[in-house]
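*Asks:* Generate a structure from the sequence data that follows.
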Amino acid sequence: MTTLLINIKELIQVRNLEVKKVSGSDMKNLPTIKNAYLLIENDSIIDFGSMENAPEIADRKLDCTGKMILPTWCDSHTHIVYAGNREQEFVDRINGLTYEEIANNGGGILNSAKKLQNTSEEDLYNQSAKRLEEVIALGTGAVEIKSGYGLTVDAEIKMLRVIKKLKEHYNIPIKATFLGAHAFPSEFKNNKKGYIDLIINEMLPKVAEENLAEFVDAFCETGYFSVEDTDKILSAAQSYGLIPKVHVNQFTTIGGVQVSVKHNALSVDHLEVMNTDDINALKGSETMPVALPSCSYFLSIPYTPAREIIEAGLPLALATDFNPGSTPSGNMNFVVATACIKMKMTPEEAINAATINGAYAMNLSDEVGSITKGKKANFIVTKEIPSYGFIPYSFGSNLIDEVYINGKKI
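*Replies:* Numbering: from 1, shown residues only. Next up, the predicted model:
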């Protein structure tokens with residue numbers, strides 16, 4: 001079954017397969033074709049180019065006059081699997097409590113863990129599936145999902161089984177990350193070594209035994225997991241073949257970037273607080289820095305210094321951090337707009353960060369993230385818009401007309 005999309009006003013993010021990520025000044029370059037066609041067969045992109053070279057024959061033709069096409073967003077950092085919400089904490093912050101104060105009062109991650117532990121696997125799946133469907137409709141065509149709201153062996157495994165079930169029922173690339181090191185449970189408050197031993201000796205072997213994750217994560221932050229803790233957990237996970245993707249530098253810079261690079265982390269995420277040593281540690285590495293601007297927006301904390309990162313010649317990806325406490329939104333369109341508005345990224349840089357670099361941050365460079373022959377036909381058809389810069393400019397409008405996943409309109 002071939003589908004030919006014709007009269008595309010602009011076909012955005014056209015790449016050769018060899019391009020896995022873009023860095024530094026190259027992030028300002030967003031290759032496009034104006035007045036283009038796109039040919040897909042079954043679930044794959046097989047050809048594209050200028051309309052003057054468009055093929056005559058296809059099983060069906062779709063006219064995209066006035067509309068643009070770009071690859072679906074690649075959201076490389078989410079916590080979509082959770083139970084309930086933390087609306088009350090939102091109100092508490094408005095009334096003056098900080099994120100740390102809420103956590104110290106039994107809120108935050110521990111609040112979510114308590115709710116999740118008391119939620120059945122079926123109910124957890126149903127809640128999470130609704131969120132996944134919502135983000136797909138908003139243009140996300142590949143997503144990473146973390147555990148980390150379980151904090152017991154059984155609850156962490158329950159979360160990862162739900163992620164596995166989502167993979168089986170939804171035909172988009174979904175990557176699973178084991179984040180047992182998200183917070184210390186209250187019963188281990190005075191026995192942090194005991195919880196780290198539980199992660200290493202019980203959780204990790206179980207995750208590996210059931211093949212429930214490809215990545216491992218830790219919240220390397222003051223008051224959570226130290227650099228030494230993180231080093232120990234990542235070292236143990238390495239023996240099970242789990243690749244690090246690490247929470248670092250959300251509130252403080254304590255060496256999390258350096259320990260992540262030491263372990264060849266695929267990505268380091270958050271980076272709201274960065275210094276020269278952090279940036280230098282990333283130079284020459286294969287680690288992708290990932291910014292989460294809607295988290296900064298929601299918590300009213302600093303934004304990742306995108307200009308400093310890019311001007312240092314580094315790549316940058318954008319993701320949502322969709323979770324119940326600090327970012328209850330999986331809208332990548334808002335993330336792209338916020339990166340432009342608050343982080344001074346150009347539309348070209350933001351689109352590159354949310355597509356090809358996001359794919360890299362999930363080890364999905366060969367499948368999604370660009371309009372490339374052989375990649376999955378996962379793309380967004382916009383409404384009639386004047387330019388792709390209009391996407392972040394018109395930040396409150398839904399500019400998506402259609403979303404295609406594996407060549408099928410959802």
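*Asks:* Who are the packing partners of the one helix or strand residue 310 maps to?
*Replies:* Residue 310 belongs to helix 306-311 when assigned by DSSP states H and E. Judged by 3 or more CB pairs under 8 Å, 6 or more residues apart in numbering; DSSP states H and E, helix 306-311 is in contact with helix 276-282, helix 332-343. C-betas here are computed from N, CA, C, even on glycine.
*Asks:* can we see that at 10 Å?
*Replies:* Using 3 or more CB pairs under 10 Å, 6 or more residues apart in numbering; DSSP states H and E, the elements in contact with helix 306-311 are helix 276-282, strand 288-291, helix 332-343, helix 347-354.
*Asks:* pLDDT averaged over it, what's the number?
*Replies:* Average pLDDT, helix 306-311: 98.
*Asks:* got the contact list for the residue nearest to residue 27 when sequence neighbours are not counted?
*Replies:* Leaving out its chain neighbours, the residue that sits closest to residue 27 by CB to CB, 6 or more residues apart in numbering is residue 349, at 4.4 Å. When contacts are counted by CB atoms under 10 Å, 6 or more residues apart in numbering, residue 349 touches 22, 25-30, 306-307, 310, 316, 318, 336, 339-340, 343, 357.
*Asks:* And the helices and strands packed on helix 306-311: which comes nearest residue 13?
*Replies:* Of all these, it is helix 347-354 that lies closest to residue 13, at 6.6 Å by CB to CB.
*Asks:* Just want the angle from that closest one to helix 332-343.
*Replies:* 130 degrees (axes from the mean of the first three to the mean of the last three CA atoms, to 10 degrees).
*Asks:* Dump the C-alpha coordinates for the helix or strand just after helix 347-354 into PDB.
*Replies:* Next helix or strand after helix 347-354 toward the C-terminus (DSSP H and E): helix 356-360. C-alpha atoms of helix 356-360 as PDB (Å, rounded to 0.1, in the frame of the first residue of the first chain):
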ATOM      1  CA  ILE A 356      16.500  14.100  15.500                       C
ATOM      2  CA  ASN A 357      18.400  14.800  18.800                       C
ATOM      3  CA  GLY A 358      15.400  13.400  20.800                       C
ATOM      4  CA  ALA A 359      15.600  10.200  18.700                       C
ATOM      5  CA  TYR A 360      19.300  10.000  19.500                       C
END
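*Asks:* which element follows helix 356-360 toward the C-terminus?
*Replies:* Following helix 356-360 in sequence, per DSSP H and E, is strand 379-384.
*Asks:* re earlier: dump the helices and strands packed on helix 306-311 to TSV, plus distance to residue 103.
*Replies:* Formatted as TSV, those follow (distance: least, CB to CB, whole Å):
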stretch	distance to residue 103
helix 276-282	24
strand 288-291	22
helix 332-343	24
helix 347-354	29
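*Asks:* Of all the ones you listed, which one is nearest residue 134?
*Replies:* With CB to CB as the criterion, residue 134 lies closest to helix 332-343 of the helices and strands packed on helix 306-311, at 11.5 Å.
*Asks:* Which residue ranges of the stretch 101-250 of the chain form helices?
*Replies:* 109-117, 121-137, 153-169, 192-198, 204-209, 227-238 (DSSP state H, counting those that start in this stretch).
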